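Predicted model and sequence follow; I will ask about them next.
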Amino acid sequence: MLNIFLISDSTGETAEQLARAALAQFNNIEYTFERFSHIREFSDLSEILNKCKDTENSILFYSLVDAPLLDYVKKFSELHSITNVDLLSASILAIQRVSNMAPGNTPGALRKLNEEYFKRIDSIEFAVRYDDGKDPRGVLIADLVIIGISRTSKTPLSMYLANKNIRVANIPLVPETPVPEELFKVSPKKIIGLTNSPEKLESIRKERLKSLGLPDNSIYSNSNRILEELEYSSRIMKKIGCPVIDVSAKAIEETADIILKHLLKINK
């Protein structure tokens, strides 16, 4: 059974109709539905989000005007892996781009999309487009490039920094795959290498395999293979001459803070 939470800074009636319209596309689906209206204080919002976090099979729908509240929902959801749906932003963005008009900023109406918000959306779209080496050409136009072997937090770190309006491309380093030539065409100062301890990588990779329903004794989580990958990535990072961060004992926020300070320093 799904447990649906809906948060609105107005009545939430329109938002509920949208959410229920989506649910109606699934025959015989069972769900509970809780609507929280006129939510405009962090204390109220935090209480609801914690309830959502502690509820199994939960989905969070929200329609909020206030930018700090909206950012809080997004960051909380990302931190606690809550499936969440912003019911307004994508539609507003499309209308504003075509009409060249700015929406209002009143609860119950369309949320204002200011320049900062546009930058954030653009950065997030950029991170998705150039994630995991999908298109190495992104290296040439990125604000920052993150490299490392699998399970060194490249993607979550890219998305976290995207929410700070930084356009990030990330490239996986795999011994059997040639290193994209683009990495040698940009300043090594805008490239960050990530590494991790062999023990931590083995543990993380085994958990990843289990979550996919696969045996945890594959080559992917083999300790010798991990050491081979780490040695390979170390050689590549030395060849590039980029800064390297060991993420084995760091949260995403800590690593991001180091990178942000580095970017501030090189962009002075």
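Looks like it came in fine. Numbering: from 1, shown residues only.

Which parts of the strand or helix carrying residue 17 count as buried, going by neighbours?
Using DSSP states H and E, residue 17 maps to helix 13-23. For helix 13-23, the neighbour count (16 or more other CB atoms under 10 Å) marks 15-16, 18-19 as buried. Quick note: C-beta positions are derived from backbone N, CA and C, even for glycine.

Can you lay out those as a markdown table showing distance to residue 62 and pLDDT?
A markdown table is the format used below for those (distance: CB to CB, whole Å; pLDDT from 0 to 100):
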| residue | distance to residue 62 | pLDDT |
| --- | --- | --- |
| 15 | 8 | 87 |
| 16 | 11 | 89 |
| 18 | 11 | 88 |
| 19 | 10 | 90 |
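
want to throw the residues you listed into a markdown table with distance to residue 46?
Output for those, formatted as a markdown table (distance: CB to CB, whole Å):
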| residue | distance to residue 46 |
| --- | --- |
| 15 | 20 |
| 16 | 22 |
| 18 | 24 |
| 19 | 21 |
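
Nearest to residue 41 among the residues you listed?
Distance to residue 41, by CB to CB, is smallest for residue 15 among these, at 18.3 Å.

My read is that that closest one contacts residue 87, right?
Yes. Using CB atoms under 8 Å, residue 15 is in contact with residue 87, at 5.2 Å.

any shared contact partners between the two?
Shared contacts of residue 15 and residue 87 (CB atoms under 8 Å, 6 or more residues apart in numbering): 61-63.

Which of those residues fall in strands?
Mapping these onto strands (DSSP state E) picks out 61-63.

who are the neighbours in contact with residue 32?
Applying CB under 8 Å, 6+ apart, the residues near residue 32 are 1-4.

Of these, select the buried ones using a ChimeraX command.
Selection of buried members from the contacts of residue 32 for ChimeraX, criterion 16+ other CB under 10 Å:
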select :3,4
